[in-house]
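Colleague: how would this look folded up:
(2 chains)
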Amino acid sequence: MSVLVFVEGLNGEIKKSSLEAASYGSQVAQTLGTSATAVAMGDISQNALAKLGEQGISKVLYDADEKLEKFVAEAYVKVIAKAAEQENAKVLVFAHSNIGAAVGSRLAVRLNGSLATNVTTLPKTDGAFTVTRSVFSGKAFAEVELTSDVKIIAVQKNNFEVSQNAGTTATVENLSADVTDADLTTAPKETVMQETGGGVLLQEAAIVVSGGRGLKGPENWHLIEDLARELGAATACSKPVADMDWRPHHEHVGQTGITVSPNLYIAIGISGAIQHLAGVNSSKVIVVINKDAEAPFFKAADYGIVGDAFEVVPKLIEAAKALDK
Amino acid sequence: MKILVCISNVPDTTAKINFTSDNTAFDKNGVQFVINPWDEYALTRAIELKEAKGGSVTVLNVGEADTEPNIRKALAIGADDAIRVNAHPKDAFFVAQQIAAVAKENSYDIILMGRESIDYNGFQVHNMVGEILGIPSITPAFKLDLIDDATARLEREIEGGKEVVEVKLPFVASAQQPMSEPRIPNMRGIMTARTKPLKVVEPSGAEAKSAYVSFSKPEKKGGVKLVDADNAAELITLLRNEAKVL
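Modeller: Predicted coordinates for the structure are as follows:
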């Protein structure tokens, strides 16, 4: 048996959330006294695959089929299922991403396995196999027992450190799952990637700078963008801001938007409605900047400044510029 | 066009989250339940498609009798009929099996639901239903249009971008905003909902594959540390040296 980690690529590299999953998977393998194998497909360089050794992966199975360049759930599931069978994998690890959770769910049915998503801890394996997952939109945790022989775990982003055993490389082997056109019924007609400021994905960002109605209009968003650039952060916004089309919906963080779990969440001009908090509850440090001292967000914050964003943020940008990076 | 919309019954978004004294279950005491907000996007889009193209919208809930007020609410918003699978929703796999069993019996063209429930945040059921039924699952989708009677065009969110997918019916999709603008039921809707059919069926024999052992809440924060607005740069220093996040 072994532990199998599915890694996702982007522009030839492996996504940060997948590096976290790989680190998680190799720790699970160590606990279980076995090795961790990764399975990959699509746009990832051979070099990036071999470097997974730094996260403790000993072997990578790579399906180089061109049909797998774009994400197609059914085809990806076929490849991962083949790898799982070949490796006799009893634990499968994914990032809790739109792609990871989608293939993880289909695999749980196909492999007759137990699935836990949004997982925040390593498994307990003495006795029952349990993991802790984030529930109630970050307001609680639940310990869940995975009762099937095969366990599938999708790990919450930004929750596990990427381990770095510098210089260790994984062997890369070819895998062919014989994907046919019949597996490609949901192949995308078109893929449009967003402009992501400094190339930081909101869902994976360690730092998020988020703006609300207090910014008064989209023409003032340079304040958010400039601060984000200086901090290497992704930009986000509140629901009203997306609803008014000041910013695109894919930046909306909250109950019905994107859930983020960065190390640092900086909320500027956001009052902190409970629905907004639901999207940011898992952030490790929360900073609130609001001119209303009564804004409910201050109750959830670690640091705060009561003040006008138009005066405070330029000072923060200057101070951030002065940091040694 | 037959559309099935699966809804789940969840604590109101402003509800305080507490657990029973032994921390093994959610404490429903004094909590108001609503239709899962993500499911409302699916429900409204289904009703819009029906209004444009004809057909029917059936609402499905896997739950015990206490979910019926919210099933009636979905009927009041505009669904035509409803099915309740009379069971406690043990886990995502169990729920997916129940939905698939209903779908097999009634052959729907589209099965819709929200991307996840705001209580258990699984993000699993739609893809599991797709796999069980052997049909595509497009998740999470924020746009859904019909090209013709047999083909739909969806836009799906992927991290950092979107994909445009054209797919033959039948399929499963999960919804997130801005797929539609959820509606509030009007008086006429509420009156007619009372007499719309709500069928209660017993669950199929599926087993759950996971079990909730216990619940806990995150540690309380120590309170906010305020920095003077005139000395805003101090915040950056604190974030680097004290919080160590820069």
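Colleague: use CA for all of it now, contacts and neighbours both
Modeller: Noted.
Colleague: remind me which residues of chain A are low pLDDT?
Modeller: A:195-199 (pLDDT under 70).
Colleague: max-length helix in it?
Modeller: In terms of residue count, the longest helix belonging to chain A (DSSP state H) is helix A:16-32.
Colleague: Check chain B too.
Modeller: Longest helix in chain B, counting by DSSP H: helix B:37-53.
Colleague: Pull the residues that contact the longest helix of chain A.
Modeller: For helix A:16-32, contacts defined as C-alpha atoms under 8 Å, 6 or more residues apart in numbering or on different chains pick out A:2-8, A:35-36, A:38, A:52, A:55-57, A:92-95, A:122-123, A:154-155, A:157-163, A:204.
Colleague: Phi, psi for the residue nearest to B:G223 when sequence neighbours are not counted please.
Modeller: Distances taken as C-alpha to C-alpha, 6 or more residues apart in numbering or on different chains put A:D302 closest to B:G223, at 6.2 Å, once the chain neighbours are dropped. A:D302 adopts backbone torsions of phi -90, psi -40, taken as degrees, to the nearest 10.
Colleague: Run a quick neighbour tally on A:D302.
Modeller: 19 (other C-alpha atoms under 10 Å in any protein chain shown).
Colleague: Just want to check the distance between it and A:N263.
Modeller: Separation of A:D302 from A:N263 (C-alpha to C-alpha, to the nearest Å) stands at 12 Å.
Colleague: what residues do those two have in common as contacts?
Modeller: The contact lists of A:D302 and A:N263 share A:V285, where a contact means C-alpha under 8 Å, 6+ apart.
Colleague: Render the CA-only coordinates of the longest helix of chain A in PDB, please.
Modeller: Output in PDB follows, covering the C-alpha atoms of helix A:16-32 (Å, rounded to 0.1, in the frame of the first residue of the first chain):
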ATOM      1  CA  LYS A  16       1.200  26.000  -3.800                       C
ATOM      2  CA  SER A  17      -1.900  24.200  -2.500                       C
ATOM      3  CA  SER A  18      -0.700  21.000  -4.100                       C
ATOM      4  CA  LEU A  19       2.800  21.400  -2.600                       C
ATOM      5  CA  GLU A  20       1.000  21.600   0.800                       C
ATOM      6  CA  ALA A  21      -1.000  18.500  -0.100                       C
ATOM      7  CA  ALA A  22       2.300  16.700  -1.100                       C
ATOM      8  CA  SER A  23       3.900  17.600   2.200                       C
ATOM      9  CA  TYR A  24       0.800  16.400   4.100                       C
ATOM     10  CA  GLY A  25       0.700  13.200   2.100                       C
ATOM     11  CA  SER A  26       4.300  12.300   2.800                       C
ATOM     12  CA  GLN A  27       3.800  13.000   6.500                       C
ATOM     13  CA  VAL A  28       0.800  10.600   6.500                       C
ATOM     14  CA  ALA A  29       3.000   8.000   4.600                       C
ATOM     15  CA  GLN A  30       5.700   8.300   7.300                       C
ATOM     16  CA  THR A  31       3.100   7.700  10.100                       C
ATOM     17  CA  LEU A  32       1.800   4.700   8.200                       C
END
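Colleague: Past it, which element shows up next along the chain?
Modeller: Following helix A:16-32 in sequence order, the next helix or strand is strand A:36-41 (DSSP states H and E).
Colleague: now for that next one, which elements pack on it?
Modeller: With contacts defined as 3 or more C-alpha pairs under 8 Å, 6 or more residues apart in numbering or on different chains; DSSP states H and E, strand A:36-41 has these neighbours: strand A:2-6, helix A:16-32, strand A:59-63, helix A:73-87.
Colleague: could you redo the ones you listed as CSV and give each row distance to B:N186 and mean neighbour count?
Modeller: Shown next, in CSV, are the helices and strands packed on strand A:36-41 (distance: least, C-alpha to C-alpha, whole Å; neighbours: other C-alpha atoms under 10 Å in any protein chain shown):
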stretch, distance to B:N186, mean neighbour count
strand A:2-6, 48, 28
helix A:16-32, 45, 24
strand A:59-63, 54, 23
helix A:73-87, 40, 21
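Colleague: of all the ones you listed, which lies closest to A:L277?
Modeller: With distances scored as C-alpha to C-alpha, the stretch of the helices and strands packed on strand A:36-41 nearest to A:L277 is helix A:16-32 (22.4 Å).
Colleague: Now do the helices in chain B.
Modeller: Per DSSP H, chain B carries helices over the ranges B:37-53, B:68-77, B:92-106, B:125-133, B:187-193, B:233-241.
Colleague: just those helices: most buried one?
Modeller: Most buried of those by mean neighbour count (mean count of other C-alpha atoms under 10 Å in any protein chain shown) is helix B:125-133; its value is a mean of 26.
Colleague: Quick check: which helices or strands does that one pack against?
Modeller: helix A:98-110, helix B:92-106, strand B:137-148, strand B:171-175.
Colleague: can you redo the ones you listed as TSV with distance to B:N121?
Modeller: Shown next, in TSV, are the helices and strands packed on helix B:125-133 (distance: least, C-alpha to C-alpha, whole Å):
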stretch	distance to B:N121
helix A:98-110	11
helix B:92-106	10
strand B:137-148	13
strand B:171-175	13
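Colleague: Out of those, flag the one nearest A:K321.
Modeller: helix A:98-110 (34.2 Å).
Colleague: residue contacts, the nearest residue to A:G272 once chain neighbours are set aside?
Modeller: The shortest distance from A:G272 to any non-neighbouring residue, by C-alpha to C-alpha, 6+ apart, is to A:F297 (4.2 Å). Residues in contact with A:F297, defined by C-alpha under 8 Å, 6+ apart, are A:270-273, A:277, A:288.
Colleague: Redo those as TSV? Include distance to A:A236 and neighbour count.
Modeller: Below are those laid out as TSV (distance: C-alpha to C-alpha, whole Å; neighbours: other C-alpha atoms under 10 Å in any protein chain shown):
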residue	distance to A:A236	neighbour count
A:I270	11	27
A:S271	15	24
A:G272	14	22
A:A273	16	16
A:L277	13	22
A:V288	14	28
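Colleague: Which members of those residues are the farthest-apart pair?
Modeller: Checking the contacts of A:F297 with C-alpha to C-alpha, the most distant pair is A:A273 and A:V288, at 12.8 Å.
Colleague: Need the per-residue pLDDT for B:L146.
Modeller: Listed pLDDT for B:L146 reads 97.
Colleague: how much space between it and B:T44?
Modeller: In terms of C-alpha to C-alpha, B:L146 sits 15 Å off from B:T44.
Colleague: and if you look at B:A101?
Modeller: Distance from B:A101 to B:T44, by C-alpha to C-alpha: 24 Å.
Colleague: try A:A301
Modeller: Applying C-alpha to C-alpha to A:A301 and B:T44 gives a distance of 35 Å.
Colleague: and what of A:K284?
Modeller: Counting by C-alpha to C-alpha, the gap from A:K284 to B:T44 is 35 Å.
Colleague: now do B:M179
Modeller: Counting by C-alpha to C-alpha, the gap from B:M179 to B:T44 is 9 Å.
Colleague: still on that earlier bit, which of the helices and strands packed on helix B:125-133 sits closest to A:I317?
Modeller: That would be helix A:98-110 among the helices and strands packed on helix B:125-133, by C-alpha to C-alpha, at 32.8 Å.
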